[in-house]
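In: Generate a structure from the sequence data that follows.
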Amino acid sequence: MAGERAFELRAQTEQDFVAAALAAVIRGNIAASDLAAICPPDMLTDGATYSAIYRGMCDMTGEGKTVSLPGLYEYALIAERDKRPGYVPITAMDIAKYSDSILGSSEEGVLNLAHRVCREGSKRQAEGKLLSLLADCQKYGNETSEIAAGLSALAAELEGGRLEETTLAGALDRMMAVLDKGEAAAPLPTPWPALNRVLKGGLVPGELAVLAARPGLGKTALAGCMAVETARAGVPVLFISREVKEYTLLSRIMAREARVDSRIFRQGIGNAQGVREKLLRCKAELSGLQLRIVEKSVAPMCPREVRRLAKSLKGVGLVIVDYLQLLCPDQKNTSREREVAEMSRSMKQLALDCDCPVLLLSQLNRRVEEGDREPRLSDLRESGAIEQDADIVMFLHTTQANQKMSKSPVKAIVAKGRSSGTGVAHLVFDKPFADFVEDQNAGAWVAKFERQESGL
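Out: The predicted structure is shown next:
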């Protein structure tokens, strides 16, 4: 009974989707090619009238034909006569019935139905493949290695989605459509114009940006500034904190926003005049931001869990992970270098899956402390794969003498930039407020720094 009920609900959802899709396409509210890209025809139950109607719409638009009710009816008749796969007899009344849906007036509603039907279709196909794998095991007595390989292949398919067949012409058409609509993803700017100039606008969606430095140079503080300002611009942000607890991270954010010394969060407000009022005003301003902080300083956090959290945050525009070497691998390995490499690749895949920048913090080897020299790509700790996977690699650097200052001049060095090139931005780490600002005296500081390095 439960299985029959589930089948009826799935069929009703598919019928609602086809009716909404046909009505929306006929009215010009949406293109059939866009729907086909989200939900291919084979995601619907085969052998149903509504499935054949949807397949006809998708096939027509794939051949460059305009979808109309008479044209769709003629196309379906020819396809059924030629015994094309997926086509069943359709009447003119069938098509007319499905063209009247009020759901077709909402583009968002149609797209939501398309995603829903595609998800259910993918699950149904996965169930079929799993049952087929089990049947082969029972029939042929497959070895455990074969069973594991089959399950791994199925899991990879479910994780990565369907691999669509495409042509260069089709891909170029989709690219031009996005460009014409003005929907091309723009870089996500950082709060520092000087760094944006080096990055040619900011962090690009789908790219992995690695921020590395030795302890105490402000990696977490800089990431916190980036998180708050991005959320303030209306972009949802996910901040995964593996190094510090939620209280510590929020205290740094509050210190920056309220312009109060961060030490009060350890020592207490005491008799400081007006501090509590500042913090309450700051709390009210920050509460409405789309910034989600997940503290996992104690419980394990692996790349698979980061992906799950990111995909659960609707429209996530930036993911920050603090930091790589504190993540737990999805699978344990005897080689630490291989574990770090796998986690790094997972973060790159996350950026592609969510179509947003991922800012991944990382440690550097201790060799970088020798002689106050600037960091190099080879200094990335524990794996050379980090350099290979990252689209952008940024280092924070200052001298040991400057690091002791409460306002420490810091070089933000872009050592690798696939889409931007390399360069340097000069910032100041304002430690009491856990804030980074642009260095207004960069020229004088650069000259002093060069003299220190030359020993003059």
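In: Now tell me what touches the longest strand along the chain from outside.
Out: Taking DSSP state E as the criterion, the chain has its longest strand at strand 407-417. Outside strand 407-417, the residues within contact range by Cβ atoms under 8 Å, 6 or more residues apart in numbering are 192, 195, 198-200, 217-218, 374-377, 387, 390-398, 402, 420-431, 436, 439, 445, 449. (Each C-beta comes from the backbone N, C-alpha and C, glycine too.)
In: partners of that strand, with directions?
Out: On the basis of DSSP bridges, the sheet neighbours of strand 407-417 come out as strand 392-397 (antiparallel), strand 423-430 (antiparallel).
In: which of these is buried the deepest?
Out: Highest mean neighbour count among the strands paired with strand 407-417 (mean count of other Cβ atoms under 10 Å): strand 392-397, with a mean of 25.
In: helices or strands next to the next helix or strand after that one in the packing?
Out: Note on strand 392-397: by DSSP states H and E, the next helix or strand toward the C-terminus is helix 400-403. Judged by 3 or more Cβ pairs under 8 Å, 6 or more residues apart in numbering; DSSP states H and E, helix 400-403 is in contact with strand 407-417.
In: could you give the mean pLDDT of the longest strand of the chain?
Out: The average pLDDT within strand 407-417 is 91.
In: same question, stretch 73-85
Out: 87.
In: before we move on, what about stretch 22-32?
Out: 83.
In: and that stretch, C-alpha only, in PDB?
Out: Output of stretch 22-32 as PDB, limited to C-alpha atoms (Å, rounded to 0.1, in the frame of the first residue of the first chain):
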ATOM      1  CA  LEU A  22       4.000  23.300 -21.100                       C
ATOM      2  CA  ALA A  23       2.000  26.300 -20.000                       C
ATOM      3  CA  ALA A  24       5.100  28.400 -19.100                       C
ATOM      4  CA  VAL A  25       6.800  27.500 -22.400                       C
ATOM      5  CA  ILE A  26       3.700  28.300 -24.500                       C
ATOM      6  CA  ARG A  27       3.300  31.700 -22.700                       C
ATOM      7  CA  GLY A  28       7.000  32.500 -23.200                       C
ATOM      8  CA  ASN A  29       7.700  32.600 -19.400                       C
ATOM      9  CA  ILE A  30      10.600  30.100 -19.700                       C
ATOM     10  CA  ALA A  31      12.600  28.300 -22.400                       C
ATOM     11  CA  ALA A  32      12.100  24.600 -22.800                       C
END
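In: Adjust the sequence numbering to begin at 9 for everything that follows.
Out: All set: I'll call the first residue 9, so the last point we hit is now stretch 30-40.
In: Pull the distance from it to the chain's centre.
Out: 29 Å (Cα atoms, centre = their mean, to the nearest Å).
In: And stretch 299-317, by the same measure?
Out: With Cα atoms, centre = their mean, you get 14 Å for stretch 299-317.
In: quick one: terminal-to-terminal distance for it?
Out: The straight-line separation of the ends of stretch 299-317 (Cα to Cα, to the nearest Å) is 13 Å.
In: same deal with stretch 92-99?
Out: 17 Å.
In: for stretch 298-316, same thing?
Out: Stretch 298-316: ends 18 Å apart by Cα to Cα.
In: Likewise for stretch 195-203?
Out: 13 Å.
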